[in-house]
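[1] could you work out the structure for the sequence below:
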Amino acid sequence: MRTVIKYLRRAWNWLTSMRTALALLFLLALAAIPGALLPQRNLNETNVIEYIENNGRVAEFYDRLQLFDVFSSTWFLAIFVLLMLSLIGCILPRTWDHYKAMKTPPVRAPKVLSRLPHHGEGVVDKPMAEVSTEVRGLLKGWHLSETPAEQDRAGAFSFAAEKGYAREFFNLVFHIALVGMLITVALGRMLYYEGMVIVVTGAQEEGHSGEFCNTSTANFDSFRAGPPFDGTGLTPFCFVAHDFTADYLPNGQAEMFTSNISYAAGEDILSDPETWEDYQLRVNSPLRVDGDRVYLQGHGYAPSFTVEWPNGETRTQNVQFRPDDLTYFLSSGALRFDPPAGMYPDLFERRQNQLAIQGLFAPTAEWSGENGELLQSSYPAMRDPAVAIDIYRGDNGLDTGRAQSIFSLDSAMIHSGQLQKIERVNLMEGDSVTLDDGTKVTFNGAYEFANYQISHDPTQVWVLVSAVAMLVGLVGSLIIKRRRIWVRLRPAADGGTHIETAGLARTDRAGWGEEYEVVHRKLLGLPDPDDLDEEEDAGSGASGGSR
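    The predicted model follows:
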């Protein structure tokens, strides 16, 4: 039992040493690198699946190591917990030691002061009582103690003064703030929620209101939250996206994104939308509503197609396409259309005559290739939109209950013949193509969509407070010097007082020697070196003038 306790004590001493804490902090930073280099499931599971498919066994090995779930992995959390324990185990004893040091008188003067880095001595024509009073005045604000001759190591009356206790205080502030940041970040990941929603702007006439309400997780296109979140703690607010504007440089690089919105929170949601408050969303200028933040993340295009069936009925859809080229926004996507029920009363027959469109969209079309039919985009703004599409007929699989990507058709349905390609065509804005059964497909152009991110983190302010406290603690611990001064007084033979002084920096002697020199000169009544330099300069000038 004693052996077990002995080893446990050794393990605790090792864990709570500052060297171990620094090593764990470095290890935590090192462990976070895969989270920045590899796709993470909690951010985009599709990218993780694609990475595993493209990289085979290596990616499967990464997955077994939890490299696609770094920040929730067992080994990352273990390092995090060990770092917390190590820091707390370091801080508590150091705080108690610092408190005791502040209550303890400074160390008595060494026997031989001349061995210290700063040393000086001299005789003044003053009694010891008067000199003692001067010493107390000069060292006012220092932690001062007096040692009578019978207790002094050299058998003389002496003073011991120490200053710079705030250095250790700021050092503790830094480490406590670091622990506070780790705790608040961990709590933030427990209590946060974050969702993404795509809103098509400027398409009100086609049934897109441009409105989003933060009232249900089902309203988001993607959503993630901490483990305790049950979906009922959303901050109720709504906003309407009126437009989206992107400013580009001549080379096509985005300069600024802007979206004008109107919003209301709480009971104001029920009021007339015309009375909602207006706000201009810009990059790095989010809307803040009762602890939630609405960010403008990005944008893309939603091509609009109208299908006119042989019986004259029409269906119009505009669905966002995925930007594959983030520079010039060549985008890919898919649309699915159900035929009118009147044309095919039989449900099975209607399923066999569904239409699907899949292809590319370019906001500013540029054609290349041997026949000039390969669609590319030459500029990200919508100057000359065009599409290159394949049109399929068959069963889209919309009622199978199986999830499908909104950006592509199910390749298994195409390979099995469930969807059959009946046309491949390039269309400019306003162009149409007529299918074999008389159905007409028209490309109407496109609308822009904006990607909005709604974030909630109740610990954000405390993370900022912890970061500021860390910075203050770090600066304070670097600027403040821990230093000591000793003064030893002896009666002189001629009735004056022999003064011996010494100084020592407990950390770095640079930057505090002048402070010791000031005390030493004032006690011995010595002139300031700057005054001597000025007198020498004045004398030199006078000599020069006489010549």
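
[2] now for the helix or strand residue 93 falls within, which elements pack on it?
    Counting by DSSP states H and E, the element that carries residue 93 is helix 74-103. Contacts defined by 3 or more CB pairs under 8 Å, 6 or more residues apart in numbering; DSSP states H and E place helix 74-103 against helix 2-15, helix 18-31, helix 165-191. Yep, even glycine has a C-beta here, placed from its N, CA and C like the rest.

[3] need the residues that contact the second one.
    Under the criterion CB atoms under 8 Å, 6 or more residues apart in numbering, residues 14, 70, 75-76, 79-80, 82-83, 86-87, 90 lie in contact with helix 18-31.

[4] change it to 7 Å
    14, 76, 79-80, 82-83, 86-87, 90 (CB atoms under 7 Å, 6 or more residues apart in numbering).

[5] next structured bit after it?
    Of the helices and strands lying after helix 18-31 in sequence (DSSP H and E), the nearest is helix 33-37.

[6] pull out the buried positions in that following helix.
    For helix 33-37, a neighbour-count test (16 or more other CB atoms under 10 Å) marks 34-35 as buried.

[7] what average pLDDT does that helix get?
    The average pLDDT within helix 33-37 is 88.

[8] what do you get for stretch 280-290?
    Mean predicted lDDT for stretch 280-290 stands at 90.

[9] can you check stretch 445-464 too?
    Computed over stretch 445-464, the average pLDDT equals 90.

[10] measure that stretch end to end?
    46 Å (CA to CA, to the nearest Å).

[11] make JSON lines out of the contacts of helix 18-31 and add distance to residue 101 and pLDDT.
    Shown next, in JSON lines, are the contacts of helix 18-31 (distance: CB to CB, whole Å; pLDDT from 0 to 100):
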{"residue": "14", "distance to residue 101": "24", "pLDDT": "82"}
{"residue": "76", "distance to residue 101": "37", "pLDDT": "89"}
{"residue": "79", "distance to residue 101": "32", "pLDDT": "90"}
{"residue": "80", "distance to residue 101": "31", "pLDDT": "88"}
{"residue": "82", "distance to residue 101": "28", "pLDDT": "89"}
{"residue": "83", "distance to residue 101": "26", "pLDDT": "88"}
{"residue": "86", "distance to residue 101": "22", "pLDDT": "88"}
{"residue": "87", "distance to residue 101": "21", "pLDDT": "86"}
{"residue": "90", "distance to residue 101": "16", "pLDDT": "85"}
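
[12] of those residues, grab the buried ones for PyMOL.
    Typed into PyMOL, the line below selects the buried ones among the contacts of helix 18-31, using 16+ other CB under 10 Å:
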select buried, resi 76+79+80+82+83+86+87+90
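
[13] who does the one helix or strand residue 224 maps to pair up with?
    According to DSSP H and E, residue 224 maps onto strand 222-225. Strand pairing for strand 222-225, using DSSP bridges, gives strand 193-200 (antiparallel).

[14] return the set of buried residues in the partner strand.
    Applying 16+ other CB under 10 Å to strand 193-200 flags 193-200 as buried.

[15] ok, now stretch 1-18?
    Residues of stretch 1-18 classed as buried by neighbour count (16+ other CB under 10 Å): 15-16.

[16] and it, how far from the chain's centre?
    With CA atoms, centre = their mean, to the nearest Å as the basis, stretch 1-18 stands 36 Å off its chain's centre.

[17] could you dump that stretch to PDB, C-alpha only?
    What follows is stretch 1-18, C-alpha atoms only, in PDB (Å, rounded to 0.1, in the frame of the first residue of the first chain):
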ATOM      1  CA  MET A   1       0.000   0.000   0.000                       C
ATOM      2  CA  ARG A   2       2.800   2.400   0.900                       C
ATOM      3  CA  THR A   3       4.500   1.600  -2.400                       C
ATOM      4  CA  VAL A   4       1.300   2.400  -4.300                       C
ATOM      5  CA  ILE A   5       0.900   5.700  -2.500                       C
ATOM      6  CA  LYS A   6       4.600   6.500  -3.100                       C
ATOM      7  CA  TYR A   7       4.200   6.000  -6.900                       C
ATOM      8  CA  LEU A   8       0.900   7.900  -6.900                       C
ATOM      9  CA  ARG A   9       2.700  10.800  -5.200                       C
ATOM     10  CA  ARG A  10       5.500  10.700  -7.700                       C
ATOM     11  CA  ALA A  11       3.000  10.600 -10.600                       C
ATOM     12  CA  TRP A  12       1.100  13.600  -9.100                       C
ATOM     13  CA  ASN A  13       4.400  15.600  -8.600                       C
ATOM     14  CA  TRP A  14       5.400  14.800 -12.200                       C
ATOM     15  CA  LEU A  15       1.900  15.800 -13.600                       C
ATOM     16  CA  THR A  16       1.800  19.100 -11.600                       C
ATOM     17  CA  SER A  17       5.300  20.300 -12.500                       C
ATOM     18  CA  MET A  18       5.500  23.300 -14.800                       C
END
